[in-house]
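> kindly return the folded structure for what I paste below:
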Amino acid sequence: MRLIFSLSIVSLIIFSLSSCGASRQAKQLAYHNELLNRIANSDLPADKKLDALGQSFTNMMGESLKILNPKKGVAYVKKYDQQNSAAIDKIIAQVSKSQGGMGTLEKIGFGAKVIQMPWTKDLVDLVPKFKRKFNQIKFIMGLTNKVSGGLLKLGGKAIGL
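Here you go, the predicted model:
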């Protein structure tokens with residue numbers, strides 16, 4: 001009788017922990033979606049938009065790396081991509097467009113701002129870990145290259161790299 005009681009308690013704990021993880025992930029995804037859509041449709045300056053995108057993306061990468069099961073990590077990244085792809089593309093296009101009208105010195109200043117943004121170091125640290133964990137999944141590599149390439153390319157373009 002004690003064994004059955006103990007097993008049912010353990011099962012209940014495992015079930016509640018897994019549902020807590022799923023609800024936490026759903027809240028995180030909702031936050032990213034709300035933030036990116038609000039930023040994409042705002043009149044904020046390009047550096048603020050880029051900062052918000054970079055912060056959201058590096059946060060998502062860190063969150064997905066904390067998920068122990070790679071299949072669940074992939075599902076999390078897929079949901080992030082499905083929910084935010086249009087907003088990410090819009091933000092990258094807006095930032096690229098704003099750079100088109102900048103002079104050389106303005107581009108250098110913009111690049112310096114990008115390099116100093118708090119998420120830049122995190123992005124550089126997380127991309128190799130992210131690629132190692134999810135290397136087998138082609139779409140994740142595409143998303144990682146699109147966003148990190150867009151973020152770093154815009155900053156590098158601004159400083160003449």
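> okay, the helix or strand that contains Phe130 in CSV with CA atoms only?
Counting by DSSP states H and E, the element that carries Phe130 is helix 118-134. Provided in CSV are the C-alpha atoms of helix 118-134 (Å, rounded to 0.1, in the frame of the first residue of the first chain):
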residue,chain,number,x,y,z
PRO,A,118,24.1,44.1,-23.6
TRP,A,119,22.8,41.2,-25.6
THR,A,120,25.7,41.2,-28.2
LYS,A,121,28.1,39.3,-25.9
ASP,A,122,25.3,36.8,-25.0
LEU,A,123,24.6,36.3,-28.7
VAL,A,124,28.3,35.6,-29.4
ASP,A,125,28.4,33.1,-26.5
LEU,A,126,25.1,31.4,-27.2
VAL,A,127,25.3,30.9,-31.0
PRO,A,128,28.0,28.1,-30.8
LYS,A,129,26.1,26.3,-27.9
PHE,A,130,22.8,26.7,-29.7
LYS,A,131,24.3,25.3,-33.0
ARG,A,132,25.9,22.4,-31.1
LYS,A,133,22.7,21.4,-29.4
PHE,A,134,20.4,21.8,-32.4
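> so where's this structure shaky on pLDDT?
1-19, 136-145, 148-161 (pLDDT under 70).
> middle-most residue in it, spatially?
Among the residues of the chain, the one closest to the centroid is Phe57, at 1.7 Å (C-alpha atoms, centre = their mean).
> help me confirm that that residue comes into contact with Lys146.
No. Using C-beta atoms under 8 Å as the test, Phe57 is too far from Lys146 to be in contact (9.9 Å). (Each C-beta comes from the backbone N, C-alpha and C, glycine too.)
> shared neighbours, the two?
With contacts taken as C-beta atoms under 8 Å, 6 or more residues apart in numbering, Phe57 and Lys146 have Ile88 as neighbours in common.
> mind checking the SS state of Leu44?
Of the three states, Leu44 takes coil according to DSSP: H, G, I helix; E, B strand; the rest coil.
> tell me how far the closest residue to Ile88 other than its chain neighbours lies from Phe57.
Distances taken as C-beta to C-beta, 6 or more residues apart in numbering put Val147 closest to Ile88, at 6.1 Å, once the chain neighbours are dropped. Using C-beta to C-beta, to the nearest Å, we find Val147 at a distance of 5 Å from Phe57.
> how about Arg24?
Separation of Arg24 from Phe57 (C-beta to C-beta): 19 Å.
> I appreciate the help and will end here.
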